[in-house]
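Chemist: dropping the sequence and predicted coords here.
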Amino acid sequence: MRWVLILFFLFFPRLACAFEIRSEAFLNGSDIPSKHACDAQNFSPEVSWVDPPQRTQSFVLICDDPDSPSKSWTHWVVFNIPKEKNSLLENMPTLGTFDDGMIQGRNDFGKIGYYGPCPPPGKPHRYFFKIYALDIELLLDENSTKDAVLSRMEGHILAQAQIYGKYQR
Amino acid sequence: MILTSPEFKNNGFIPEKFTCQGEDINPELIISEVPKNALSLALIMEDPDASGGNWVHWVVYNINASVSKIKENSIPGDLGLNTLNEKSYHGPCPPIGTHRYFFKIYALNIKPNLRTGLSKGALLKSIEGSVIEKAELIGLYQKEK
């Protein structure tokens, strides 16, 4: 019986997997290198995802900090990520709309694109990178904030996954 | 020495244009009654109400002592580092509640040749013993109204 199961997972490995997000920059729950924070280059980290639902029409990526005094400080909002994509490269340009239709919205620093961890000195903050697979594309522009994106995608989330990293100053 | 702004009164609200919710550019500032013996000026803008202590928004120095007006969206001298680690103005962007933003101008008896890129702490150390006079202007900001 054990062998049957092992053979089953060898031939159908996808059945054993779920929608998942990773980063080359940090492991889930570990420290984010300062390269990705305001103390250094402030580069967006590489992120990739696997096993999205088949009906996915677009992806949304959100990075936020629940340990901010405001309970949620948004660092990055990317939406209309084409369904064919499975990663974002490191150091994404701070561009609103890309040629392939992908859009970076406005973060809580008031800036378009990624703005890295920059917590007030003190305890470490957690930075969640959340990926959502949607069954639609969003009719929003690059001035959209996380709240606008979240309200538009309500009822259209097929799957979601997240990881977090920590940063302290 | 007196520091004012045509954009907001002392202890009044800073217009959104000058914050992270607007254009994020510096407001115009007027410096009057600069001491005659001043050789340079330095300016610091900071928020003492940030959760981790003072959050520095703007550090400018090596400002010519004859400057009586800092124009909107301008670089009046050499820029130091703010808490975002940027050599630029970074407007009010409080996470929650009303914060106070202190604009502090220092009249100095030293020539405008401090090295660039100093943090607020390094700047204050460099000008220790050289401050002739100081003036302050406070603005407020809150994101949700």
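Modeler: Arrived safely.

Chemist: and the residue of chain A found nearest chain B, how many neighbours does it have?
Modeler: Of all residues in chain A, the one sitting closest to chain B is A:Pro120 (2.3 Å; CB to the nearest CB). For glycine as for every other residue, the C-beta is placed from the backbone atoms N, C-alpha and C. Number of residues near A:Pro120 (other CB atoms under 10 Å in any protein chain shown) recorded here: 17.

Chemist: need the contact list for it.
Modeler: By CB atoms under 8 Å, 6 or more residues apart in numbering or on different chains, the contact list for A:Pro120 reads A:169, B:50-53, B:55.

Chemist: out of those residues, who's the most crowded?
Modeler: Result: B:Trp55 is most packed of the contacts of A:Pro120 (other CB under 10 Å), 24 neighbours.

Chemist: partner residues bridging it?
Modeler: For B:Trp55, the residues forming beta bridges with it (DSSP bridges) are B:Asp47.

Chemist: re the thing from before, just give the closest residue to the residue of chain A closest to chain B, not the sequence neighbours.
Modeler: Leaving aside its sequence neighbours, A:Pro120 sits nearest to B:Gly52 (CB to CB, 6 or more residues apart in numbering or on different chains; 2.3 Å).

Chemist: so A:Ala133 versus A:Ala161, what's the distance?
Modeler: For A:Ala133, the distance to A:Ala161 (CB to CB, to the nearest Å) stands at 9 Å.

Chemist: next: A:Lys83.
Modeler: With CB to CB as the criterion, A:Lys83 and A:Ala161 are 15 Å apart.

Chemist: what of A:Val50?
Modeler: Using CB to CB, A:Val50 is found at 9 Å from A:Ala161.

Chemist: and what of A:Val47?
Modeler: Per CB to CB, A:Val47 is found 11 Å from A:Ala161.

Chemist: residues shared between the contacts of those two?
Modeler: Contacts common to A:Val47 and A:Ala161, judged by CB under 8 Å, 6+ apart, are A:21, A:131.

Chemist: looking at the two, which one has more neighbours?
Modeler: A:Val47 (23 against 18).

Chemist: low pLDDT regions in chain A?
Modeler: A:1-17 (pLDDT under 70).

Chemist: residues from it in reach of chain B?
Modeler: Proximity of chain A to chain B, by CB under 8 Å from any CB of the partner chain, involves residues A:38-40, A:68-71, A:73, A:108-111, A:118-122, A:169.

Chemist: those residues in strands, which ones?
Modeler: Secondary structure defined by DSSP state E assigns A:Trp73 of those to strands.

Chemist: all strands of chain B, in order?
Modeler: All strands of chain B, identified by DSSP E, fall at B:2-4, B:12-13, B:29-32, B:40-47, B:55-64, B:69-70, B:78-79, B:99-108, B:131-141.

Chemist: dump these to a markdown table, plus mean pLDDT and distance to A:Phe129.
Modeler: Output for the strands of chain B, formatted as a markdown table (pLDDT from 0 to 100; distance: least, CB to CB, whole Å):
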| stretch | mean pLDDT | distance to A:Phe129 |
| --- | --- | --- |
| strand B:2-4 | 98 | 43 |
| strand B:12-13 | 98 | 35 |
| strand B:29-32 | 98 | 40 |
| strand B:40-47 | 98 | 28 |
| strand B:55-64 | 97 | 25 |
| strand B:69-70 | 98 | 40 |
| strand B:78-79 | 97 | 32 |
| strand B:99-108 | 98 | 28 |
| strand B:131-141 | 98 | 29 |
